[in-house]
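Novice: everything below, folded, please.
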Amino acid sequence: MNTDRQGNRVSGATPEAVAHFDAALLEFNLYRGDPVATVDRALAAAPTFVMARVLKAYLLGLATEPQAAALAAHVLAGTRGLAMDERERSHVAALGHLLAGDWTAAALALDFHNARHPRDLLALQAGHLMDFFRASARGLRDRVARALPGWSASVPGLGIVLGMYAFGLEEAGDYARAEERGRQAIDAEPFDCWAHHAVAHVMEMQGRAEDGIGWMIAREPYWAADDNFFKVHNWWHRALCHLEVGQGDEVLRLYDGPVRGNRSTIALDLVDASSLLWRLHLTGHDVGDRWIELAQAWDQHADGRLYPFNDWHAAMAYLGAGREVEVARVVSALERSAREDTDIGRWAGAVALPLIQGFHAFWRGEYRQCAEGLHAARFIANQFGGSHAQRDVIDWTLTEAAVRGGLTSLAEALAHERLALRSHSPINRAFLRRARPQAS
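Specialist: You can find the predicted model right below:
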């Protein structure tokens, strides 16, 4: 019986195919190279290799892109009739939930899976990403914590697991341990850009913008290579640090260069671009016609059916580009999705629609309406999508709306709320100054 690098048995494989599978999984772990092409080589060597199909289905299904999701369903269908053991059947079941739009059911299925198979690195990473995409801070932390005792330095991939744990600790607010584990992970695997980004998140959440810039620059050779799938997100983190200290021109340079210069059509990259342009707009920077190109790139993804977090970011770009018709199209699609009894339906109705309405009101200059809507929506926004750093654009927009709308008491209260978390933040201090101009 063949086994993968962590000692898990695999069905329908050959030694050559397992070598390609291990290589593809490592590329997925590090967000480098082309794991889809590598796993295709495994399938060419062994067409009945179940875990190769499972890996490919996860790679496509977790992309949050309509075309990729359709292809993932086709790949998963190819597992029917293949001989597989309990672990492999468990993966297939979890993927079925994911591709049906039931992210929570998929993540919970992998909870039980990870308990039975703590050294299944693919299951850990897939579950970790499901926790990320549904904004489960506790899941991000505790899924890995439950599995860690099954790992040791003798098991390949321990550093990857520590990197995931670092991000989970950060999202759970345990910043000191998050940074410690993140640095340990990088010591074990210097090219682990997820661990690198976990430490960047700590610095973002603690308001350590200058430390963040230094961290990104010092380690740039490890996370910014051309074959790094995660490089745009890490450039986004560096851009946030520059924006925090008032270096808007540098942010625009980064946007035009490594963030958007290659015109990526990857949904995760488009999310970062929309978020960055919106923050620049909030801080009074003229972004010119950059919205137009970005909005066009969103057209192939914003369907209102697959992943509402993406649709919300597409709406930002459509607003910036003046494409009100597309905003209305996305809203209509989300309203239809909201009638479905799935995670996607619930996220669409309870979270995405209120956020888009609030951001739309802000763009129209209806600041009081925006403030009222976003003040309620921000308490439910952590039901879906991304990290605390990504969702901070909600509170940032809310606070700016309160300032611009003359809601002095609310603006001052929100500024104090932000300063309680990041007391040295120039942006947060500016909010307080602008909230009470009579005291200036």
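Novice: and for the residue nearest to Arg404 when sequence neighbours are not counted, the neighbour number?
Specialist: Distances taken as C-beta to C-beta, 6 or more residues apart in numbering put Tyr367 closest to Arg404, at 4.6 Å, once the chain neighbours are dropped. For every residue, glycine as well, the C-beta is placed using N, CA and C. Other residues near Tyr367 come to 20 when the count uses other C-beta atoms under 10 Å.
Novice: now do the contacts for Tyr367.
Specialist: Neighbouring residues of Tyr367 by C-beta atoms under 8 Å, 6 or more residues apart in numbering: 361, 401-402, 404-407.
Novice: and the residues you listed, which is closest to Leu26?
Specialist: For the contacts of Tyr367, the closest approach to Leu26 (C-beta to C-beta) belongs to Ala401, at 45.3 Å.
Novice: now the residue nearest to Arg404: how far from His117?
Specialist: 52 Å (C-beta to C-beta, to the nearest Å).
Novice: and Arg53, by the same measure?
Specialist: With the distance defined as C-beta to C-beta, Arg53 ends up 18 Å from His117.
Novice: neighbour count winner among the two?
Specialist: More crowded of Arg53 and His117, by other C-beta under 10 Å: Arg53, with 26 against 21.
Novice: okay, the more buried one: pLDDT?
Specialist: pLDDT recorded at Arg53 is 98.
Novice: do I have it right that it meets Thr79?
Specialist: Yes: when contacts are counted by C-beta atoms under 8 Å, Arg53 is listed as touching Thr79 (5.2 Å).
Novice: tell me where the stretch 201-350 of the chain has helices.
Specialist: Taking DSSP state H, counting those that start in this stretch to define them, one finds helices in the stretch 201-350 of the chain at 209-218, 220-223, 231-244, 248-254, 267-282, 290-298, 308-320, 324-337, 343-347.
Novice: relative to Ala371, which of those helices is closest?
Specialist: Shortest distance between Ala371 and the helices of the stretch 201-350 of the chain, using C-beta to C-beta, is found for helix 267-282: 13.6 Å.
Novice: can I get the closest one in CSV, CA atoms only?
Specialist: The C-alpha trace of helix 267-282 is given here as CSV (Å, rounded to 0.1, in the frame of the first residue of the first chain):
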residue,chain,number,x,y,z
ALA,A,267,-10.7,36.4,-7.3
LEU,A,268,-8.5,36.7,-4.2
ASP,A,269,-6.3,39.2,-5.9
LEU,A,270,-9.3,41.3,-7.0
VAL,A,271,-10.6,41.3,-3.5
ASP,A,272,-7.4,42.9,-2.3
ALA,A,273,-7.4,45.4,-5.2
SER,A,274,-11.0,46.5,-4.4
SER,A,275,-10.3,46.8,-0.7
LEU,A,276,-7.1,48.9,-1.3
LEU,A,277,-8.7,51.3,-3.8
TRP,A,278,-11.7,51.8,-1.4
ARG,A,279,-9.3,52.6,1.5
LEU,A,280,-7.5,55.1,-0.7
HIS,A,281,-10.8,56.7,-1.6
LEU,A,282,-11.7,56.9,2.1
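Novice: in it, what's buried?
Specialist: Residues 267-282 are the ones in helix 267-282 that count as buried (16 or more other C-beta atoms under 10 Å).
Novice: go on, stretch 413-423?
Specialist: 414-415, 418-419, 422.
Novice: using a markdown table, lay out these together with distance to Ile217.
Specialist: A markdown table is the format used below for the buried residues of stretch 413-423 (distance: C-beta to C-beta, whole Å):
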| residue | distance to Ile217 |
| --- | --- |
| Leu414 | 32 |
| Ala415 | 30 |
| Arg418 | 26 |
| Leu419 | 27 |
| Arg422 | 21 |
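Novice: just those residues now: which is nearest Trp151?
Specialist: Nearest to Trp151 among the buried residues of stretch 413-423, counting by C-beta to C-beta, is Arg422 at 33.9 Å.
Novice: with adjacent residues omitted, what lies nearest to that closest one?
Specialist: Distances taken as C-beta to C-beta, 6+ apart place Gly207 nearest to Arg422, at 3.2 Å, with adjacent residues excluded.
Novice: which ones are touching that neighbour?
Specialist: 244, 421-425, 428.
Novice: what about 6 Å?
Specialist: With contacts defined as C-beta atoms under 6 Å, 6 or more residues apart in numbering, Gly207 is in contact with 422, 424-425.
Novice: will you turn the residues you listed into JSON lines that also has secondary structure and pLDDT?
Specialist: Output for the contacts of Gly207, formatted as JSON lines (DSSP: H, G, I helix; E, B strand; the rest coil; pLDDT from 0 to 100):
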{"residue": "Arg422", "secondary structure": "coil", "pLDDT": "90"}
{"residue": "His424", "secondary structure": "coil", "pLDDT": "86"}
{"residue": "Ser425", "secondary structure": "coil", "pLDDT": "90"}
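Novice: and which of the residues you listed is nearest Phe379?
Specialist: Minimum distance to Phe379 across the contacts of Gly207 is 19.7 Å, recorded for Arg422 (C-beta to C-beta).
Novice: how close does that closest one sit to Trp236?
Specialist: In terms of C-beta to C-beta, Arg422 sits 18 Å off from Trp236.
Novice: which stretches of this protein have low pLDDT?
Specialist: Residue ranges of the chain with pLDDT under 70: 438-440.
Novice: okay, which residue is most central for it?
Specialist: Gly386 (4.2 Å; C-alpha atoms, centre = their mean).
Novice: could you check how far that residue is from Leu268?
Specialist: Taken as C-beta to C-beta, the span from Gly386 to Leu268 is 10 Å.
Novice: quick one on the thing from earlier: which one of the contacts of Gly207 is nearest to His91?
Specialist: Nearest to His91 among those: Arg422, at 40.6 Å, using C-beta to C-beta.
Novice: just the strands in this protein please.
Specialist: Using DSSP state E, the strands of the chain run over 2-3, 9-10.
Novice: counting by contacts, list what the last one packs against.
Specialist: For strand 9-10, not one helix or strand is in contact under the criterion 3 or more C-beta pairs under 6 Å, 6 or more residues apart in numbering; DSSP states H and E.
Novice: contacting residues around that strand?
Specialist: Contact with strand 9-10 is made by 1-4, 51, as judged by C-beta under 6 Å, 6+ apart.
Novice: adjacent strands (with direction) for it?
Specialist: The pairing partners recorded for strand 9-10 under DSSP bridges are strand 2-3 (antiparallel).
Novice: now the partner strand, how far from the chain's geometric center?
Specialist: Averaging C-alpha positions (C-alpha atoms, centre = their mean, to the nearest Å) puts strand 2-3 32 Å from its chain's average.
Novice: name the surrounding residues that touch that strand.
Specialist: Residues from elsewhere that reach strand 2-3 (C-beta under 6 Å, 6+ apart): 9-10, 13, 18.
Novice: mind putting those residues into TSV with distance to Asp187 and neighbour count?
Specialist: Formatted as TSV, these follow (distance: C-beta to C-beta, whole Å; neighbours: other C-beta atoms under 10 Å):
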residue	distance to Asp187	neighbour count
Arg9	31	13
Val10	30	25
Ala13	32	24
Val18	28	21
